[in-house]
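A.B. asks: below: sequence and its predicted model.
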Amino acid sequence: MIKRKISKELIGKERGLVWNAYVDLVCMEEYEDLTEIQQVGKALFWYENEVMNGGHMQFLLNRGIEELELTIKALKFVYHNEFIKLLEDAKLIYSELDFSQIVDKESYIEMALEDHFDQCDEKFYQINPSLYALQLGLLLDYQQEFIELI
């Protein structure tokens, strides 16, 4: 099992060390190399970051339907039905659009300005607990899955 190693001496001295190790693990490792719980963290992390950076359209274009399904599975693991419903709504919108017309930055912007995912994006910011809070809870509950103290 892949984990990030942190010195016991540093853990109390450097704020954010555990979070940073978690982020490094979920960002840098491939899904197939991670445990089920680590995959949950990876899916939640990328969903949050893609939507925060460019909305559901960006999440779906960058990560694809396969990762959307992994994210729904991750949300089931943390028992969060509001985000599951939101992703199912986004998947339905995605399935009704033709993204093959996006060939460059300008065509991406043009489609983004059509506001297909605006309601999903707005709802994302209203849901509590946030994805960040869900990840913190996952990390607190399963820290040994992500971090090895040395």
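C.D. replies: Nice, thanks for sending it over. Numbering: from 1, shown residues only.

A.B. asks: what helix or strand does the nearest residue to residue 135 once chain neighbours are set aside sit in?
C.D. replies: Closest residue to residue 135 apart from its sequence neighbours, by C-beta to C-beta, 6 or more residues apart in numbering: residue 44 at 5.2 Å. Quick note: C-beta positions are derived from backbone N, CA and C, even for glycine. Using DSSP states H and E, residue 44 sits within helix 36-77.

A.B. asks: for that helix, what is the distance to the chain centroid?
C.D. replies: Here helix 36-77 is found 4 Å from its chain centre; the criterion is C-alpha atoms, centre = their mean, to the nearest Å.

A.B. asks: what's the answer for stretch 27-46, then?
C.D. replies: For stretch 27-46, the distance to the chain centre is 9 Å (C-alpha atoms, centre = their mean).

A.B. asks: what's the span of that stretch from first residue to last?
C.D. replies: End-to-end distance for stretch 27-46, by C-alpha to C-alpha, to the nearest Å: 8 Å.

A.B. asks: likewise stretch 76-86?
C.D. replies: 13 Å.

A.B. asks: would you mark the buried spots in it?
C.D. replies: Buried residues in stretch 76-86, counted by 16 or more other C-beta atoms under 10 Å: 77-78, 80, 83-84, 86.

A.B. asks: which strands and helices lie in contact with the lowest-mean-pLDDT helix or strand in the chain?
C.D. replies: When the helices and strands of the chain are scored by mean pLDDT, DSSP states H and E, helix 8-11 comes last with a mean of 84. Applying 3 or more C-beta pairs under 8 Å, 6 or more residues apart in numbering; DSSP states H and E, we find helix 8-11 packed against helix 17-28.

A.B. asks: just the angle between the helix it packs on and helix 36-77, please?
C.D. replies: Counting by axes from the mean of the first three to the mean of the last three C-alpha atoms, to 10 degrees, helix 17-28 lies at 90 degrees to helix 36-77.

A.B. asks: got the buried residues for helix 17-28?
C.D. replies: In helix 17-28, counting by 16+ other C-beta under 10 Å, buried: 17-18, 21-23, 25-26.
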